[in-house]
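predicted model and sequence follow; I will ask about them next.
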Amino acid sequence: MHLPPYLIPGDTVVVVSPSRHVFPEELRAFVQTMADWGLEVELGKYVYAAFHQQAGTDAQRLHDLQWALDHPTASAIFASRGGYGLTRIIDQLDWTSFLVNPKWCVGFSDFTPMHLKLKALNIGSIHGAVPRLFGQAGNEQALATLYAALRGWPINIAWPLSDNQHDGLDIIAPIIGGNLAMIADSCGTTTQLDTMGSILFLEDVGEAHYKIDRMAMQLLRAGVLDGVKAIVLGQFSEMHDLASDFGCGVTQIFQRLLPSVPILDQFPAGHVPENRALSFGNIVRLMVVNGIAQIIPPGNPDA
């Protein structure tokens with residue numbers, strides 16, 4: 001995949017609100033952090049607009065996102081927050097200028113349709129913290145990995161798995177993915193995900209186990225999971241029921257549907273403060289040693 005130019009001090013980042021509305025005080029920590037990183041910030045015209053729960057009308061949100069894509073000097077585009085609304089405008093965007101001058105697009109959750117569209121366009125993007133959450137306690141690693149991803153610095157992430165069954169795993173492949181509900185929602189659309197030969201990252205929030213099973217089954221039946229090399233499960237937070245209610249947990253749901261695919265759970269990313277950044281489209285090395293998984297650059301000599 002083509003990766004946009006990495007950021008350097010003095011670059012400009014723009015913030016738009018393609019989903020739920022956001023308040024000015026919620027972006028103060030982000031603006032200060034950008035200044036600390038040596039970056040300039042420009043806000044979309046309608047970044048603080050509100051139309052019911054969304055950040056302005058479809059036309060207003062589309063205006064700002066198109067402005068961001070076409071921005072002549074910006075190096076990155078941030079979605080102010082998640083929520084709902086991006087799928088309502090994603091198919092109306094004109095990508096002509098962006099493809100000539102690509103920028104890093106940063107966000108997660110409802111920003112997943114953007115990641116999927118960029119994947120279809122063969123452009124890398126960053127799954128990471130949104131500006132609204134920059135003031136959240138306990139997000140030091142989320143911000144540190146996001147800064148490294150924007151600068152193009154190597155990121156090493158190690159985390160414990162719930163079991164040791166994948167010891168010895170060693171895969172080099174691009175990593176892609178995002179929010180499970182949004183990826184399932186894309187089935188049958190122009191942005192349906194192709195995971196062939198890739199490592200798929202998934203996370204979600206506020207779901208029940210039977211809904212996770214239903215969405216996973218939808219991906220399986222639609223052929224989205226054909227040829228996937230491994231699945232990395234992030235945080236499935238604020239679940240509406242217990243695993244015992246359904247009969248098994250999220251990890252077991254995927255293991256049952258894909259018994260021949262390595263399923264690695266508990267990755268520290270998703271709707272949690274420790275939302276480690278992932279550079280989608282980048283080639284990574286995924287390893288497991290003694291129950292500890294690692295995502296590292298493919299040429300890392302310390303592996």
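Ah, there it is.

and the helices in the stretch 51-200 of the chain, which stretches?
58-70, 96-100, 112-120, 140-151, 180-185 (DSSP state H, counting those that start in this stretch).

hmm, I typed the wrong one, I wanted the stretch 201-303 of the chain.
Under the criterion DSSP H, counting those that start in this stretch, the stretch 201-303 of the chain contains helices at 209-221, 243-246, 250-257.

mean neighbour count for these - can I get that in TSV?
C-beta here means a position set from N, CA and C on the backbone, and glycine is covered the same way. Output for the helices of the stretch 201-303 of the chain, formatted as TSV (neighbours: other CB atoms under 10 Å):
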stretch	mean neighbour count
helix 209-221	18
helix 243-246	13
helix 250-257	20
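
on that earlier part again, mind checking which of the helices of the stretch 51-200 of the chain is nearest Phe236?
Phe236 sits nearest to helix 180-185 of all these, at 8.1 Å, using CB to CB.

what packs against the closest one?
Other helices and strands packing on helix 180-185, by 3 or more CB pairs under 8 Å, 6 or more residues apart in numbering; DSSP states H and E, are helix 112-120, strand 199-205, helix 209-221.

export these to TSV and tack on mean pLDDT and distance to Leu93?
Compiled in TSV, the helices and strands packed on helix 180-185 are given as follows (pLDDT from 0 to 100; distance: least, CB to CB, whole Å):
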stretch	mean pLDDT	distance to Leu93
helix 112-120	98	8
strand 199-205	98	24
helix 209-221	98	25
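
and of the helices of the stretch 201-303 of the chain, who's closest to Phe267?
Closest approach to Phe267 among these (CB to CB): helix 250-257, 11.3 Å.

contacts only, for the residue lying closest to Ala120 once chain neighbours are set aside.
Leaving aside its chain neighbours, Ala120 sits nearest to Thr191 (5.6 Å; criterion: CB to CB, 6 or more residues apart in numbering). Residues near Thr191 by CB atoms under 8 Å, 6 or more residues apart in numbering: Ile90, Pro113, Leu116, Lys117, Lys119, Ala120.

top strand in this protein by residue count?
Criterion DSSP state E: the longest strand present in the chain is strand 170-179.

show residues contacting that strand.
Residues outside strand 170-179 that contact it (CB under 8 Å, 6+ apart): 1, 108-112, 115-116, 119, 127, 183, 193, 195, 197-204, 229-230, 232, 262, 278-288, 295, 298.

out of the helices of the stretch 51-200 of the chain, which is closest to Glu274?
helix 140-151 (5.4 Å).

for that closest one, name the packing helices and strands.
For helix 140-151, the packing partners by 3+ CB pairs under 8 Å, 6+ apart come out as strand 104-107, strand 125-127.

highest average neighbour count across these?
strand 125-127 (a mean of 29; mean count of other CB atoms under 10 Å).

outside of that strand, which residues touch it?
Outside strand 125-127, the residues that touch it by CB under 8 Å, 6+ apart are 104-108, 114-115, 118-119, 146, 149-150, 177-178, 201, 269, 277-281.

still on that earlier bit, next, format the helices and strands packed on helix 180-185 as a markdown table and append distance to Ile172.
Converted to a markdown table, the helices and strands packed on helix 180-185 look like this (distance: least, CB to CB, whole Å):
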| stretch | distance to Ile172 |
| --- | --- |
| helix 112-120 | 18 |
| strand 199-205 | 9 |
| helix 209-221 | 23 |
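
ok, how many other residues are close to the closest residue to His166 other than its chain neighbours?
Using CB to CB, 6+ apart and skipping the chain neighbours, the partner closest in space to His166 is Val288 (4.4 Å). The number of residues packed near Val288 is 20, by other CB atoms under 10 Å.

roughly how far apart are Val288 and Trp159?
10 Å (CB to CB, to the nearest Å).
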